[in-house]
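1. can you look at this prediction? I've put the sequence above it.
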Amino acid sequence: QFLFKNFFYYIFHLIYGKVVLPSKDQKKKLNNSIHTTYMEDGREYKIFKNPETRLYTDTIHFVAVLKNNFLIEEASFQIDDIKKEFAKQQKTILKIGTPKIKKKIDGKVLSILTGGGGNNNYFHWLFDVLPRIEIYNKYNKKNELDFLLVPDYSKNFQIETLDLLNFKKNKILSSTSYRHISAKEIILTEHPYCIDKFNQDELNIPIWISQWLRKSFLFNIDNNMKNFPSKFYIDRGDSNYGDSRSIINEKEVKDYLKILGFEMVQLGKLSFLNQVKLFNNAEYIVGLHGAGFANIVFCKENAKVVEIRSFGAGKIIENISIQNKLNFKKIETLPSNHDISNQQGQIEVSLKQLKGIIN
């Protein structure tokens, strides 16, 4: 397998050449394509407009932008779940090159690739991927674009949101099929809330993202909300995480909430627009930490939100709630496996604590 991989990489090196780092002088020329744009809250972003370039991605960990086989480091990024040293990660693209058949795109392409959870996670799609469109729009008009390169285009929420943003299906390129492209111009933006190329600053998601999401999608809803409960529990029975993130005594939690008039809702069974309506109509939301909480951005002010989470889950939902002036409460507990380094794990909810918060 090792020999086959290396032979495979060797063949593509012969076809497309070896990826190399530019010298200082070459880097200056390559960086002439960097522009700056500003959002309403004063946040500054770089836009990378790269004529006659090519882009290669493994769809998960890195995106490499190349001109004459030089790696344009400013426009490229690499993500590693464990190691964050750029010098070490660079070696991936420098070693393997671009081992996929290149597809030539006749036109301007805006890449909104983000890597990691942005490929198919609902939260990251709303907060990491789509906001790149608005960053570009502040610099230029999207109708001047010919194509949009997205991480994936197979999930209903991806198809729905881009349709609502008026992108035509035949102008959308999924990185699962277009991993290696060349184009007249490839345009990229900085990450909407990264503090550097690797670390997502979840404590400092800018307010403009919430404002833009509300402006972009709330206008599509009507005033007929009779089919949507005002009090509900986010039932993660349809989640991909299964037992890796769950509530041990969830039946007790559900039974208690049902007595108080809460309905159980599986968000994955709703269209994107119905999720927007559901949360905009909500007065009280309870649930386990997860991507569905991204929808609180569509809530009205002072809606009550109770997030159940392990200590490793972080404060991203809490911060978005505060930012959008919601009435936020939390139940935070130690997971049964006592691994607080991440957001996974089985947790047990104190009904006494839950009753104290809701009553």
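-> Okay, I see it. Keep in mind the model is a prediction, meaning the values are calculated, not measured.
2. quickly find the element holding K46.
-> strand 44-57 (DSSP states H and E).
3. chain center to that strand, what's the gap?
-> 19 Å (CA atoms, centre = their mean, to the nearest Å).
4. show me what it is packed up against.
-> If contacts are counted by 3 or more CB pairs under 8 Å, 6 or more residues apart in numbering; DSSP states H and E, strand 44-57 sits against strand 34-38, strand 62-67, helix 131-139, strand 180-189. Bear in mind the C-beta positions are built from the backbone N, C-alpha and C, glycine included.
5. could you pull up the mean pLDDT of the helix or strand following the second one?
-> The helix or strand immediately downstream of strand 62-67 is strand 70-71, counting by DSSP H and E. Per-residue pLDDT over strand 70-71 has a mean of 92.
6. any low-confidence regions in the stretch 101-250 of the chain?
-> Under the criterion pLDDT under 70, the flagged ranges of the stretch 101-250 of the chain are 141-143, 195-203, 223-225, 238-243.
7. where do the strands sit along it?
-> 103-111, 147-150, 172-174, 180-189, 231-234, 245-247 (DSSP state E, counting those that start in this stretch).
8. now the fifth one: buried residues?
-> Residues of strand 231-234 classed as buried under the neighbour-count rule (16 or more other CB atoms under 10 Å) are K231, F232, Y233, I234.
9. what do you get for the first one?
-> Using 16+ other CB under 10 Å as the test for burial, strand 103-111 gives I105, K108, V109, L110, S111.
10. with the fourth one instead?
-> For strand 180-189, the buried set under the neighbour-count rule, 16+ other CB under 10 Å, comprises H180, I181, S182, A183, E185, I186, I187, L188, T189.
11. adjacent strands (with direction) for it?
-> strand 44-57 (antiparallel), strand 103-111 (parallel) (DSSP bridges).
12. surely R54 is in contact with S182?
-> Yes - taking contacts as CB atoms under 8 Å, R54 lies within contact range of S182: 4.0 Å.
13. what's the overlap in contacts for those two?
-> K102 (CB atoms under 8 Å, 6 or more residues apart in numbering).
14. which one of the strands of the stretch 101-250 of the chain lies closest to D25?
-> Smallest distance to D25 across the strands of the stretch 101-250 of the chain (CB to CB): 22.5 Å, for strand 180-189.
15. how about the helices in this protein?
-> For the chain, applying DSSP state H gives helices covering 2-16, 24-30, 86-96, 122-124, 131-139, 156-164, 207-217, 250-259, 272-281, 316-323, 351-358.
16. now render those as JSON lines, adding distance to V305.
-> Below are the helices of the chain laid out as JSON lines (distance: least, CB to CB, whole Å):
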{"stretch": "helix 2-16", "distance to V305": "47"}
{"stretch": "helix 24-30", "distance to V305": "45"}
{"stretch": "helix 86-96", "distance to V305": "37"}
{"stretch": "helix 122-124", "distance to V305": "15"}
{"stretch": "helix 131-139", "distance to V305": "22"}
{"stretch": "helix 156-164", "distance to V305": "21"}
{"stretch": "helix 207-217", "distance to V305": "14"}
{"stretch": "helix 250-259", "distance to V305": "14"}
{"stretch": "helix 272-281", "distance to V305": "10"}
{"stretch": "helix 316-323", "distance to V305": "5"}
{"stretch": "helix 351-358", "distance to V305": "11"}
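17. let me know which of the ones you listed is the nearest to Q266.
-> Once the helices of the chain are compared by CB to CB, helix 272-281 is nearest, at 10.8 Å.
18. check which helices and strands that closest one sits against.
-> On a contact count with 3+ CB pairs under 8 Å, 6+ apart, helix 272-281 meets helix 156-164, helix 207-217.
19. rewinding a little: make TSV out of the strands paired with strand 180-189 and add distance to N295.
-> Formatted as TSV, the strands paired with strand 180-189 follow (distance: least, CB to CB, whole Å):
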stretch	distance to N295
strand 44-57	25
strand 103-111	25
